[in-house]
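Undergrad: make a model of this:
(2 chains)
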Amino acid sequence: MLRNRKNVHYLFVMIACTAGYVWLFFQLWSEESSAVGVCMFKHATGIPCPSCGATRSVLSILDGKVLEALYWNPIGFIVMSIMIACPLWICFDWITHRETFYKFYIAAEKRLRQKKVAIPLVLLIVSNWIWNIYKDV
Amino acid sequence: MEAQKVDMFMMANAKFFESHHLNSIRDRLIALDDAKWGQVQTLQFKDPTTSLIVSIIAGTLGIDRFMIGDTGLGIGKLLTCGGFYVWAIVDWFLIQGATREKNLEKLQTAIY
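TA: Model prediction:
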């Protein structure tokens, strides 16, 4: 049971990361660098969602413009570190036949559900969202 | 456990579980010790219909996943704006099943 779940979980994370990389390279190679337009939330409501600007943020990091990345959306840093760390970690687990990533994920999930961790994070996301709406990303 | 009590429980809570799990849940509850009955009876399950509504309204922010306790997947959805909306739409169809699975997990942790 645990083994099967772990495999599904790893597969899912890998697919998600691959999709992210494909999207990123598509953005890098396409001439016009307008990452706007993919967010259905923005299309539907007219206001940016909490993660709007993350692609532009990651592209700015790749260009070495850290401050610009921070301006677009600080979530870009989180997304980028996840996209780099997760495939490497999964490969490590796969090679050494361990399940450290899965165990870490379960432990992190448990920790995030604690009120003293969850409430500040929710406030952080909401304030970031307000900032996003204010600067109209 | 008395079969009558268990049947009452099953009638009241059948919608919270996958239909193919119902028989094994019933058998398990009949074999259950009486001392655990109070614990089982007071369990609060998540309604699949509610999570579907939440998924349709706030699926892009991952709130549906947070609600049923999949915090990691919720963060994934939140950070990618519902997986570029694709995942959010896929979840409209998956979320009810996922809720029922979570309910089963909850029942299992209470029983064992």
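
Undergrad: is the helix or strand containing A:Pro87 positioned near chain B?
TA: Under the assignment given by DSSP states H and E, the secondary-structure element containing A:Pro87 is helix A:75-96. Yes: under the criterion of CB under 8 Å from any CB of the partner chain, chain B is reached by helix A:75-96 at A:Ile75, A:Ile78, A:Val79, A:Ile82. For glycine as for every other residue, the C-beta is placed from the backbone atoms N, C-alpha and C.

Undergrad: can you list those in a markdown table and add pLDDT?
TA: Formatted as a markdown table, the residues of helix A:75-96 next to chain B follow (pLDDT from 0 to 100):
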| residue | pLDDT |
| --- | --- |
| A:Ile75 | 90 |
| A:Ile78 | 91 |
| A:Val79 | 90 |
| A:Ile82 | 91 |
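
Undergrad: nearest spatial neighbour of B:Gly62, skipping sequence neighbours?
TA: Of all residues not flanking B:Gly62 in the chain, B:Lys77 sits nearest, at 3.1 Å (CB to CB, 6 or more residues apart in numbering or on different chains).

Undergrad: angle of the helix or strand where that neighbour lies against helix A:75-96?
TA: Secondary structure assignment for B:Lys77, by DSSP H and E: helix B:71-79. Taking axes from the mean of the first three to the mean of the last three CA atoms, to 10 degrees, one finds that helix B:71-79 is oriented at 140 degrees with respect to helix A:75-96.

Undergrad: which neighbouring elements make contact with helix B:71-79?
TA: helix A:75-96, helix A:100-112, helix B:63-68, helix B:86-111 (3 or more CB pairs under 8 Å, 6 or more residues apart in numbering or on different chains; DSSP states H and E).

Undergrad: around chain A, which positions in chain B sit nearby?
TA: Selection of chain B residues close to chain A by CB under 8 Å from any CB yields B:60-61, B:69-72, B:75-76, B:78-85.

Undergrad: how many neighbours does the residue nearest to B:Gly62 have?
TA: Around B:Lys77 sit 25 other residues, with neighbours defined as other CB atoms under 10 Å in any protein chain shown.

Undergrad: close enough to count as contact, it and B:Gly83?
TA: Yes: with contact defined as CB atoms under 8 Å, B:Lys77 and B:Gly83 form a contacting pair (6.1 Å).

Undergrad: closest residue of chain A to chain B?
TA: Relative to chain B, the nearest point of chain A is A:Met40 (4.1 Å; CB to the nearest CB).

Undergrad: tell me the confidence at the nearest residue to that residue once chain neighbours are set aside?
TA: Leaving out its chain neighbours, the residue that sits closest to A:Met40 by CB to CB, 6+ apart is B:Tyr85, at 4.1 Å. Here, the pLDDT recorded for B:Tyr85 equals 84.

Undergrad: phi, psi for whichever residue of chain B sits closest to chain A please.
TA: Using CB to the nearest CB, B:Tyr85 is the residue of chain B that sits closest to chain A, at 4.1 Å. When read as degrees, to the nearest 10, the backbone of B:Tyr85 gives phi 70, psi -20.
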